[in-house]
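# Just a sequence and a predicted model for now, questions to come.
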There are 2 protein chains.
Amino acid sequence: MRDASFALLPEPPYYAVIFSSRRTPGDAGYGAMGERMAALAQEQPGFLGVESARDADGFGITVSYWTDEASIRAWKNHAEHRIAQETGMQGWYQHYETRVAKVERAYSLK
Amino acid sequence: MRDASFALLPEPPYYAVIFSSRRTPGDAGYGAMGERMAALAQEQPGFLGVESARDADGFGITVSYWTDEASIRAWKNHAEHRIAQETGMQGWYQHYETRVAKVERAYSLK
């Protein structure tokens, strides 16, 4: 059976949003909002897939994959996502970094 | 104090290697080899930084950052790293995916 933690992506090129974050302690609505944002992201034009891992100390990396930069900008400006981003800045994250990158090649475990 | 889990990077452009993996159960020398590879990577020309997270189920994402593609190829072909890659394929990982991407823009929590 396929491991659903891995995104199933087309051949490059496509785009990646690398989001690294350190969570604050406690949930404070983060879990529910995260699930809602994940579901909403998947409905957006240009969304290809997402992979995510967070360690026991609260440091996490989420990489979402998109067909093009316009899709990424549209998602960043999505009204409901903007509210989540503003709430995130105020309480869920101690710190985060976002990097937008063009995937040029990809290879896998054979 | 700066959170050392975050890589301190220059302004884009630079390159990212996004390595997603599912570990097999048990250590089998993985921890020691991982530490050695992390130390060795930092000595390579063009290395800029690395961020890594692995969740309790063994799914992890490591993103290493490099000045250019030539540095990435040189590291991939480094003799000691090649041995680690081959061992990894044989035992440490159930599955992995590698994506090489050019970071075009970056922003942070202000």
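Structure received. Numbers count the residues shown, from 1 in each chain, chains lettered A, B, ... in the order given.
# in chain A, which spans are helices?
A:30-42, A:69-76, A:79-87 (DSSP state H).
# residues near the residue lying closest to A:R105 once chain neighbours are set aside, how many?
Spatial nearest neighbour of A:R105, chain neighbours left out: B:V100 (5.0 Å); criterion: CB to CB, 6 or more residues apart in numbering or on different chains. (Glycine included, C-beta is placed from N, CA and C.) B:V100 is flanked by 22 other residues according to other CB atoms under 10 Å in any protein chain shown.
# now A:S71
20.
# and the gap between it and chain B?
14 Å (CB to the nearest CB, to the nearest Å).
# what's the answer for A:S20, then?
Distance from A:S20 to chain B, by CB to the nearest CB: 5 Å.
# Report the separation between that residue and B:G91.
Distance, A:S20 to B:G91, by CB to CB, to the nearest Å: 28 Å.
# Please identify which of these two sits among more neighbours.
Counted by other CB under 10 Å, A:S20 and B:G91 do not tie: A:S20 has more neighbours, with 25 against 13.
# isn't that one right next to A:I61, touching?
Yes: A:S20 is in contact with A:I61 according to CB atoms under 8 Å; the separation is 5.2 Å.
# Give me the common contacts of these two.
B:51, B:63 (CB atoms under 8 Å, 6 or more residues apart in numbering or on different chains).
# Report the contact partners of A:V63.
Contacts of A:V63 (CB under 8 Å, 6+ apart): A:7, A:16-19, A:50-52, B:18, B:20, B:61, B:63.
# could you redo the last one with a cut-off of 7 Å?
A:16-18, A:50-51, B:18, B:61 (CB atoms under 7 Å, 6 or more residues apart in numbering or on different chains).
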